[in-house]
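Chemist: I'll drop the sequence and a predicted model, then ask my questions.
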Amino acid sequence: MAPNPRVAAAFRAMGDIGISQDKVKPVLKNLLKLYDKSWELIEEENYRALADAIFEEEETKVMELKKKCKNTDEEDLEEEALTHDEPERPLKRLRLRGQGGQVSPSVNACNQSLGGSSVKRPKVEEDELSKTSFRQQPREIKETPHRNIVNKGKQPLLPQIEPLGKRSMSERAASIRIKEPMAEPGIASLPKQKVPDTHGLIKPKDEPFTDDMFSSDVPDYEVPIAVIRPDPSSKVDSSVGNNTVEKQDGPEIPASQCLGVGNRGDDALALTSERETNCTLATIPEESPPNVEIASSPLGEVKISLSCNSTLGRPDFHMPSRTEVMKLMEDKCLRTYKIIDPKFSVMKLLNDMCECVLELGTYSPNESQEGPDVLERSSAQGPLGIGDDEETLCMPSCTTNGSVHVQCSTAVDVPLSRPMSLSSSDLMSIHDVNDITRGEERDRISWVNEINGERLPPFKYIRQNLVFQNASVNFALSRIGDEDCCSSCLGDCLFLSTPCHCANETGGQFAYAKEGFLREEFLEECISMTLDPQRHQNLYCRECPLERVRNDVCLEPCKGHLRRKFIKECWSKCGCSKNCGNRVVQRGITCKLQVFCTSEGKGWGLRTLEDLPKGAFVCEYAGEILTNTELYDRNLENSKSGKPTYSVLLDADWGSGDLKNEEALCLDATFFGNVARFINHRCLDANLVEIPVKVESPDRIYYHLAFFTTRVVTALEELTWDYGINFDDHDQPMKAFCCRCGSKFCRNMKRSTRSRSASIVR
Ligand SMILES: C[S@@+](CC[C@H](N)C(=O)[O-])C[C@H]1O[C@@H](n2cnc3c(N)ncnc32)[C@H](O)[C@@H]1O
């Protein structure tokens, strides 16, 4: 395998300016292994062009530094000659081999001077060194640098793919071979420049980096690659040489956030000066080694998480902003890369890592059929900022036990591997973080997870109900008689002195007020029916479809269905305007909503991002229209999955007549649904109430189930509705969940014998 130019160049750069290789190696080993995967994708030619361009630009500064190092070089060479029996530093050894035993004096001298303890320091002022610390001498790259990093001298880093199921995600990430070149913006197009031969110094390229370059006891990818380290004594200037941190756009960064890159907490990356090295080495809790985790969700999201426990015992610690962390990481820890790639950023690094894993892990023919591994993740508490980068989420966070995490995940919805259970249509259902509706709704609906690494499970977002197969839903215009519409109306029906036919359903008054919200009186009635069903007459079927589907022969008596108030909206056959105030639900969602991961263990939930007045329409429950029989069959298949259920009975009129099988309908949002599928249950004092709405169908067999606020709901409040579950009724199609609604009226805790029909099927 060809040598890796990035590794070579990074080492050359550090060597040239005298950075201790001992300190850097263990860190770079891990960083490079990850980053190189993406770097490898860049064509060799382009790399050279880029490197040449950068090197030339930096030449003058490097030469200046070299002059200053000159004296030291000579001394060091003498010293080296005297002490050549001593074990060589790995880099030096590499160079010696690569140069047939010829060592570049200047490079070697400077290299040893800063980091080495057994050799002299260069005669360079620290400040000056800081200024030039990462300048690199131009050089000619005559041969392709090696790319084959070898682990422990035995195992190649990029072996052939093994079956997925047998290995952890991290192992897979480390071992899958890159298949296709990937262009990197801004790099591929750089013109190639010729670099004078006079500067050709070293070619650390002919040999693979072997075990002796890195600590040998470090397994691939199971070691930390980055850590945020505390520094008890000083604040560190990210621009080097200054012990204070300048405020960026956030609060001052305390000393505890002195950043470094390390390996298992026992080494640190000393990239700039010894002062910084001391800082990064200061107080590393031994019991909490930093760690890197590569994980994927079942849908293929890749997360690379860098973590350490550096805040342990630091009560003064506060979580820095994402910008602060990123800036410090870039400035302090990783500027080596900036020499080679001026566009380098930590975000880019992390994103590249993620994308490499994605690239490497996608649709590999050798992968097993099992889903991708998901590594154990620590659940971060406290708010996580979402990256402003469209493609990457980078989230520094802090747990209560003091761990600091920098987590990066791909927001691009590419599955890591194709689990057997995901069909191509499933893959189509993977959700954009910015808009789960894929443009179906007027406004975007985003999803966030501030709790753990889970991603939104797949489903296909639909705005309106769809018939699955046998449901008897007939939208024929001819079915709507004159009494069921207002064909002679004009404009806005709410402004009529005498309400039109469409208000008949609601007792001759429209359900909506002119402001667009439900009339208080109507709303209160609906709420009261939900809160106290005993006061309102339940409907009982002679032959309940729920019982009939269970047992055709001997039917159990109907347990009753809550009688509900309907809304009838004006529709296409009406003469009024599309903007008529009696058309609310059919216009769709108009408030700003967000799907989020709940902290109470209820899974995903829905919240509003803006204050909502009482009686405001939020959304309807959209899903596949199934017959009760079809739902029963589906549930039989899924009953033991323990997954959330998303089906709702359209039973608001059951009991008023005998229903045929194809008329007993329900909505199932498991596979096709809208945002309402995320609304969780709350016993009794939910902030939403569901109301049946007739739009295009004159009867009550099929209707829309619409959610309205029961009170003022403030921004970021979770939206909930009372599913009407009787937690004591075990004779139900699916097992009831353990309610975590948190309501003081929770029926699951009190085990009340409240006898409401279960309108949501569990
Ligand atoms: C319509 S889904 C709601 C969205 C769901 N939380 C999710 O993650 O997709 C209904 C399911 O959510 C969960 N759920 C809803 N309300 C809950 C509550 N109060 N306590 C616990 N789990 C709840 C149950 O698993 C239930 O089957």
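Modeler: Nice, I can see it.

Chemist: Which residue ranges make up each domain of this structure?
Modeler: With domains defined by automatic domain parsing, the chain comprises 5-355, 466-761.

Chemist: quick one: Thr670 from Asn635, how far?
Modeler: Applying CB to CB, to the nearest Å, the value for Thr670 to Asn635 is 10 Å. Every residue, glycine included, has its C-beta placed from N, CA and C.

Chemist: Please enumerate the shared neighbours of these two.
Modeler: Jointly contacting Thr670 and Asn635 under the rule CB atoms under 8 Å, 6 or more residues apart in numbering are 645, 647.

Chemist: before we move on, the earlier item: for the domains of the chain, which has the smallest mean pLDDT value?
Modeler: Ranked by mean pLDDT, the domains of the chain bottom out at domain 5-355, with a mean of 41.

Chemist: For the residue nearest to Asn661 when sequence neighbours are not counted, which residues are in contact?
Modeler: Of all residues beyond its chain neighbours, the one nearest Asn661 is Thr629 (5.3 Å), with distances taken as CB to CB, 6 or more residues apart in numbering. By CB under 8 Å, 6+ apart, Thr629 lies in contact with 470, 549, 661, 664.

Chemist: Could you confirm whether the host helix or strand of Thr629 reaches the ligand?
Modeler: Here Thr629, judged by DSSP states H and E, is contained in helix 628-638. No - under the criterion of CB under 6 Å from any ligand atom, the ligand is not reached by helix 628-638; the shortest gap measures 11.1 Å.

Chemist: and the next element down the chain from that helix?
Modeler: Downstream of helix 628-638, the next assigned helix or strand under DSSP H and E is strand 647-649.

Chemist: For that following strand, which helices and strands make contact with it?
Modeler: strand 623-627, helix 628-638, strand 665-673, strand 760-761 (3 or more CB pairs under 8 Å, 6 or more residues apart in numbering; DSSP states H and E).

Chemist: and it, does that touch the ligand?
Modeler: No - Strand 647-649 is not in contact with the ligand by CB under 6 Å from any ligand atom; minimum separation 8.2 Å.

Chemist: Could you tell me which of the contacts of Thr629 count as buried?
Modeler: Neighbour-count burial (16 or more other CB atoms under 10 Å) applied to those gives 549, 664.

Chemist: okay if I get the contacts of Thr629 as CSV plus secondary structure and distance to the ligand?
Modeler: Converted to CSV, those look like this (DSSP: H, G, I helix; E, B strand; the rest coil; distance: CB to the nearest ligand atom, whole Å):
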residue, secondary structure, distance to the ligand
Asn470, coil, 23
Val549, helix, 20
Asn661, helix, 25
Ala664, coil, 20
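
Chemist: For the closest residue to the ligand within the stretch 601-750 of the chain, which residues are in contact?
Modeler: Residue nearest to the ligand within the stretch 601-750 of the chain (CB to the nearest ligand atom): Gly603, separated by 2.5 Å. Gly603 is in contact with 597, 644, 680, counting by CB under 8 Å, 6+ apart.

Chemist: Please name the nearest non-neighbouring residue to the second one.
Modeler: So that's Pro644. Counting by CB to CB, 6+ apart, Gly603 is the residue found nearest to Pro644 once chain neighbours are left out, at 5.5 Å.

Chemist: And the one you found, how far from Asn449?
Modeler: Distance from Gly603 to Asn449, counting by CB to CB: 11 Å.

Chemist: what do those two both touch?
Modeler: Shared contacts of Gly603 and Asn449, counting by CB under 8 Å, 6+ apart, come down to Cys597.

Chemist: circling back: quick check: buried residues in the helix holding Thr629?
Modeler: Buried residues in helix 628-638 (16+ other CB under 10 Å): 628, 630-632, 634-635.

Chemist: how many degrees apart are it and strand 623-627 in direction?
Modeler: 110 degrees (axes from the mean of the first three to the mean of the last three CA atoms, to 10 degrees).

Chemist: Export only the CA atoms of helix 628-638, formatted as PDB.
Modeler: Provided in PDB are the C-alpha atoms of helix 628-638 (Å, rounded to 0.1, in the frame of the first residue of the first chain):
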ATOM      1  CA  ASN A 628     -59.700  -2.700  12.500                       C
ATOM      2  CA  THR A 629     -59.000  -6.100  11.100                       C
ATOM      3  CA  GLU A 630     -56.000  -5.000   9.300                       C
ATOM      4  CA  LEU A 631     -54.700  -3.300  12.400                       C
ATOM      5  CA  TYR A 632     -55.300  -6.400  14.400                       C
ATOM      6  CA  ASP A 633     -53.200  -8.400  12.000                       C
ATOM      7  CA  ARG A 634     -50.400  -5.800  12.100                       C
ATOM      8  CA  ASN A 635     -50.400  -5.800  15.800                       C
ATOM      9  CA  LEU A 636     -50.200  -9.600  16.000                       C
ATOM     10  CA  GLU A 637     -47.000  -9.300  14.100                       C
ATOM     11  CA  ASN A 638     -45.600  -6.500  16.200                       C
END
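
Chemist: so it versus strand 665-673, what angle?
Modeler: Going by the same axes, to 10 degrees, helix 628-638 makes 50 degrees with strand 665-673.

Chemist: And the nearest residue to Val595 once chain neighbours are set aside, which helix or strand is it part of?
Modeler: Spatially, and ignoring its direct neighbours in sequence, Val595 is nearest to Trp447 (4.0 Å; CB to CB, 6+ apart). Trp447 is part of strand 446-448 when elements are defined by DSSP H and E.

Chemist: Flag every buried residue along that strand.
Modeler: 446-447.

Chemist: what helices or strands is that strand leaning on?
Modeler: Counting contacts by 3+ CB pairs under 8 Å, 6+ apart, strand 446-448 is packed against strand 593-597.

Chemist: what about Asp443, neighbour count?
Modeler: Close neighbours of Asp443, defined as other CB atoms under 10 Å, add up to 14.

Chemist: Contacts only, for the nearest residue to it once chain neighbours are set aside.
Modeler: Distances taken as CB to CB, 6+ apart place Lys592 nearest to Asp443, at 6.1 Å, with adjacent residues excluded. By CB under 8 Å, 6+ apart, the residues touching Lys592 are 443, 608-610.
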